[in-house]
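Student: The following comprises the amino acid sequence and a computationally predicted model.
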Amino acid sequence: MRSIFIILVLFAYPACAKSPNEVRSAFLYQMAKFIEFPNQQTKISTRFCFYQINTGPGAILAKNKKLKIRKRPIEVIKIENSSNIMELSQQCDITYIDETNENDILSTWTDTTSLNMVLVGDSIEFLKDGGVASLVQEGSKIRLYINKQQVTQHNFTVLSRLLAVSKFHPN
């Protein structure tokens, strides 16, 4: 019964959304609730990083300044294309890379060092190239895919409640 409630809560916010960007921002926000990041107890905020905060999911989250995760506010940070992945791993909890930047950015991040952040993209190719999660549009729906191989290589923990509502690639 409890798991049904959690799943309903997880998808209640996206159900009200109107655009793909609103759905993606809701997914990102809800995902963060089911991920344990390193040093979670000492953090003052949950940090979402975007290459674009004037449009897309970054803009939507940036407008909602009252949102909280584990009684701590969220923080939306704009990052530059030239940012180093290790610097971002210390600065961000979740970094979203939209489909237009996926190929340019992930190809420069071939470092196999364990990260403290979750890299989220928009396509299955993003997962093949080393991304952790992807919000893939399938028809009129957006589905969360997770690369379990990548999850196990990094310093955060994805809770089973999030895994239960995700698809996996590769299987």
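Tutor: Cool, the structure landed.

Student: make it CA atoms for all contacts and neighbour counts henceforth
Tutor: Will do.

Student: any low-confidence regions in the protein?
Tutor: In the predicted model, the chain carries pLDDT under 70 at residues 1-17, 103-112.

Student: switch to 80 and redo it
Tutor: 1-18, 81-84, 100-113, 171 (pLDDT under 80).

Student: what about the helices in it?
Tutor: Ranges of helices in the chain, per DSSP state H, are 2-15, 20-33, 56-63, 85-91, 102-106, 124-128, 148-151, 160-164.

Student: can you tell me which of those comes nearest to residue 71?
Tutor: Across the helices of the chain, residue 71 has its closest neighbour in helix 20-33 (10.7 Å, C-alpha to C-alpha).

Student: which strands and helices sit next to that closest one?
Tutor: When contacts are defined as 3 or more C-alpha pairs under 8 Å, 6 or more residues apart in numbering; DSSP states H and E, helix 20-33 packs onto helix 2-15, helix 56-63, strand 141-146.

Student: quick one, that helix and strand 141-146 angle?
Tutor: Per axes from the mean of the first three to the mean of the last three C-alpha atoms, to 10 degrees, the angle that helix 20-33 makes with strand 141-146 is 30 degrees.
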